[in-house]
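Asks: sequence plus the predicted model coming up.
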Amino acid sequence: MVDGLHAIIITDRDGVPVLKVADEHLPHAAMQPRLLATAAMAVEQANKLGVSNNKNIITVYKNHQLISINRQPLIVNMIANANANTGLILSLEADMQEPLDDICAALELH
Amino acid sequence: MGCCFSNDEDKDDDLNDPSRPLINPISDGPSSRPIGSNVVDVAALETQGVDQTEYTDRATQYSHNLSSWCASTQKVRGPPRLPIGVATPHVVLSGQPISLSDIQLITSAAQQAARSLQEIKVRHKEDLVVPFGVP
């Protein structure tokens, strides 16, 4: 686990949550469909910029940061403190390969 | 690309050129690429967003599918579970504690049993091997 990481929310490509885990410090707005849908849309649009598929989008706000990892057909959103170690959070993706494959198999998303 | 003294060896640096446009309007234009899904559309969220009913239905369906999959998978998640000692532990734990005399009875009985086991000896009565048919 990474200090300051408050939530991991796995969504489909439309931002509909598939699996989520969060602690009590997660800001309420972070669980709103609007934010997750916008993050998913940003990943999708960034795929079209002509520089190959987008891998990650890191958005830093005053108090929090949102890291969206493109694992089509899933998107892994991680919400953390603004001063949390972004590199460590990104490195969590390596540990999530198998679970993400299992989720895809369970949902028959391909 | 597009500057003096450039040659083919500069191609690898093209992607790092900060002045390079993300999309070349000529080579990446609609004439050479499929349009529609490849067009960056910032306003798409307003029109292509999932409505509330579909959002809820899809989230419920995902949850149901994941639950079904977790129940059927053979993969071991986390440490192995402890064996189930009793079916209703809350009944056992909320019951009256065993009296001190019962504990002493059990302890003394166990000690006597252990002592008896230690004192078991083989008493020699006759030969185990009997000569048969030997003159």
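Replies: Received it, and whenever you're ready, just let me know what you need.
Asks: rest of the way, CA atoms for contacts and neighbours
Replies: OK.
Asks: residues contacting A:Ala80?
Replies: A:Ala80 sits next to A:Gly4, A:Leu5, A:His6, A:Ala7, A:His64, A:Gln65, A:Leu66 when contact means C-alpha atoms under 8 Å, 6 or more residues apart in numbering or on different chains.
Asks: A:Ile9 too?
Replies: Taking C-alpha under 8 Å, 6+ apart as the criterion, A:Ile9 is in contact with A:Pro17, A:Val18, A:Leu19, A:Lys20, A:Val21, A:Val76, A:Asn77, A:Met78.
Asks: residues near the fourth one, how many?
Replies: Pointing back at A:Lys20 there. Using other C-alpha atoms under 10 Å in any protein chain shown, A:Lys20 is surrounded by 14 other residues.
Asks: and what about it, helix, strand or coil?
Replies: Three-state assignment for A:Lys20 (DSSP: H, G, I helix; E, B strand; the rest coil): strand.
Asks: show me what the closest residue in space to it that isn't next to it in sequence is bridged to.
Replies: Leaving aside its chain neighbours, A:Lys20 sits nearest to A:Ile9 (4.2 Å; criterion: C-alpha to C-alpha, 6 or more residues apart in numbering or on different chains). Under the criterion DSSP bridges, A:Ile9 forms beta bridges with A:Lys20, A:Asn77.
Asks: neighbour-wise, which of the contacts of A:Ile9 leads?
Replies: In the contacts of A:Ile9, the most neighbours by other C-alpha under 10 Å go to A:Val76, 28 neighbours.
Asks: okay, now the closest residue to it other than its chain neighbours: neighbour count?
Replies: For A:Val76, ignoring the flanking residues on the chain, the nearest one in space by C-alpha to C-alpha, 6+ apart is A:Ile10 at 4.5 Å. Counted with other C-alpha under 10 Å, the neighbours of A:Ile10 add up to 24.
Asks: swap in A:Gln45?
Replies: 19.
Asks: against B:Val91, how distant is it?
Replies: 58 Å (C-alpha to C-alpha, to the nearest Å).
Asks: next one: phi and psi at A:Asn81?
Replies: phi -60, psi 150 (degrees, to the nearest 10).
Asks: and it, what does it touch?
Replies: Applying C-alpha under 8 Å, 6+ apart to A:Asn81 gives the contacts A:Gly4, A:Leu5, A:His6, A:Asn63, A:His64, A:Gln65.
Asks: could you pick out the buried ones from the residues you listed?
Replies: A:Gly4, A:Leu5, A:His6, A:His64, A:Gln65 (16 or more other C-alpha atoms under 10 Å in any protein chain shown).
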